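J.: whatever this is, show me its structure:
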Amino acid sequence: MPVPKRKTGKAKKNMRRSHHALSVPNFTECPSCGERIMPHRVCPKCGHYKDRLSVTVRGD
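T.: Have a look, this model is predicted:
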């Protein structure tokens with residue numbers, strides 16, 4: 001079974017992991033209430049999606 005001949009250095013290891021960073025999520029503004037929400041999701045505050053009421057939100 002093949003085995004690595006040399007230890008992988010820190011620089012090479014970090015170059016390989018350069019694409020593993022987390023990205024900041026994009027937020028859009030809800031057109032009805034102005035809350036910041038993830039795109040293509042129902043607004044958890046007012047229940048609107050694409051300018052229509054799709055979910056009734058209870059006020060606890």
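
J.: can you show me the helices along the chain?
T.: For the chain, helices defined by DSSP state H occupy the ranges 10-16.

J.: once you drop chain neighbours, what's closest to the residue positioned nearest the centre of it?
T.: Nearest to the mean C-alpha position of the chain, by Cα atoms, centre = their mean, lies Pro25 at 4.2 Å. Distances taken as Cβ to Cβ, 6 or more residues apart in numbering put Met38 closest to Pro25, at 6.4 Å, once the chain neighbours are dropped. C-betas here are computed from N, CA, C, even on glycine.

J.: where does the prediction get shaky in this protein?
T.: Low-confidence segments of the chain (pLDDT under 70): 59-60.

J.: what about the strands in it?
T.: For the chain, strands defined by DSSP state E occupy the ranges 28-29, 36-37, 48-49, 52-53.

J.: what's the burial count for the residue nearest to Pro25?
T.: The tally of other residues near Met38 (other Cβ atoms under 10 Å) stands at 12.

J.: ok, now which ones touch Cys43?
T.: 30, 32-33, 35, 37, 49 (Cβ atoms under 8 Å, 6 or more residues apart in numbering).

J.: switch to 7 Å and redo it
T.: 30, 33, 35, 37, 49 (Cβ atoms under 7 Å, 6 or more residues apart in numbering).

J.: which one of those residues is nearest to Met15?
T.: Closest approach to Met15 among the contacts of Cys43 (Cβ to Cβ): Ile37, at 36.1 Å.

J.: pretty sure the closest one is touching Pro25, no?
T.: No - judged on Cβ atoms under 7 Å, Ile37 makes no contact with Pro25 at a distance of 10.4 Å.

J.: need the contacts of Cys43 in CSV with neighbour count and distance to Gly9, can you?
T.: Formatted as CSV, those follow (neighbours: other Cβ atoms under 10 Å; distance: Cβ to Cβ, whole Å):
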residue, neighbour count, distance to Gly9
Cys30, 20, 48
Cys33, 12, 52
Glu35, 14, 47
Ile37, 19, 44
Tyr49, 17, 50
